[in-house]
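**Q** sequence plus the predicted model coming up.
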Amino acid sequence: MTDSILKVYEGNYLAGFGMPTVIITADQVIKATLYSEYFVFIEGENNLFWGGQISVDTNGAPEHVISSEISTAIDEALLQAKTTISLRQADLYREMKIDLWQRDKVDLNERDKVVIARLWRSGKFNQQLKSVKEKSKCEPLQAYISLLERTKFYSYSEFE
């Protein structure tokens, strides 16, 4: 059994849509099943959230094949997240009846998991992060969100 892999990505701001943050996890949950999952947060005017899970049957595969499959599972989850972001952006433009638009390229850059804490502190995605904790099979992600739930963020103010 391998250790859970947890990766966090942030993307460029997508015009009229928002800034994406993507959480990707992967692991071998039982002897014959690999999984990967992705959770997408779009911080913008509408604060969107969605996710997905991918399972792969590895029954009978040797350990070295499973190890490379985990990397493939991460890549697949990242591709699914990027594709869905792009499609949802297109849907938004259609809903807004914007005829002339150019879809932004979805560039996601790997970041530290502290980005998840930024989402929590913003207060915009707390319910969604609780849902991630319930749905995710990744114990390190569940533990990190549990830690954030116990953290109190009092206030933020700007000054000149």
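**A** Received it, and whenever you're ready, just let me know what you need.
**Q** show me what the helix or strand hosting Lys7 is packed up against.
**A** Counting by DSSP states H and E, the element that carries Lys7 is strand 5-11. In terms of contacts (3 or more Cβ pairs under 8 Å, 6 or more residues apart in numbering; DSSP states H and E), strand 5-11 is packed against strand 19-30, helix 63-95, strand 108-111, helix 114-122, helix 139-149. All C-beta spots, glycine's among them, are computed from the backbone N, C-alpha and C.
**Q** mind checking which helix or strand of the protein has the lowest mean pLDDT?
**A** Using mean pLDDT, DSSP states H and E, helix 63-95 stands out as the lowest-scoring helix or strand of the chain, at a mean of 82.
**Q** which helices and strands does it pack with?
**A** Helix 63-95 packs on strand 5-11, strand 19-30, strand 33-43, strand 48-57, strand 108-111, going by 3+ Cβ pairs under 8 Å, 6+ apart.
**Q** those strands: which one's closest to Tyr144?
**A** Within these, the stretch nearest Tyr144 is strand 5-11; the backing value is 7.9 Å (Cβ to Cβ).
**Q** chain center to the strand holding Lys7: distance?
**A** 7 Å (Cα atoms, centre = their mean, to the nearest Å).
**Q** give me the sheet partners of it and which way each runs.
**A** Strand 5-11 pairs in its sheet with strand 19-30 (antiparallel), strand 108-111 (antiparallel), by DSSP bridges.
**Q** in stretch 147-154, which residues are buried?
**A** Buried residues in stretch 147-154, counted by 16 or more other Cβ atoms under 10 Å: Leu148.
**Q** quick one: which of the strands paired with strand 5-11 is nearest Ser136?
**A** Of all these, strand 19-30 comes closest under Cβ to Cβ, at 6.3 Å.
**Q** avg pLDDT for that closest one?
**A** Throughout strand 19-30, pLDDT has a mean value of 88.
**Q** tell me the angle of that strand relative to strand 33-43?
**A** Angle of strand 19-30 versus strand 33-43, following axes from the mean of the first three to the mean of the last three Cα atoms, to 10 degrees, is 160 degrees.
**Q** show me which residues of strand 19-30 are buried.
**A** 20-28.
**Q** just put those residues in TSV and tack on distance to Ile42.
**A** Putting the buried residues of strand 19-30 into TSV (distance: Cβ to Cβ, whole Å) gives the following:
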residue	distance to Ile42
Pro20	5
Thr21	8
Val22	10
Ile23	13
Ile24	16
Thr25	19
Ala26	22
Asp27	26
Gln28	30
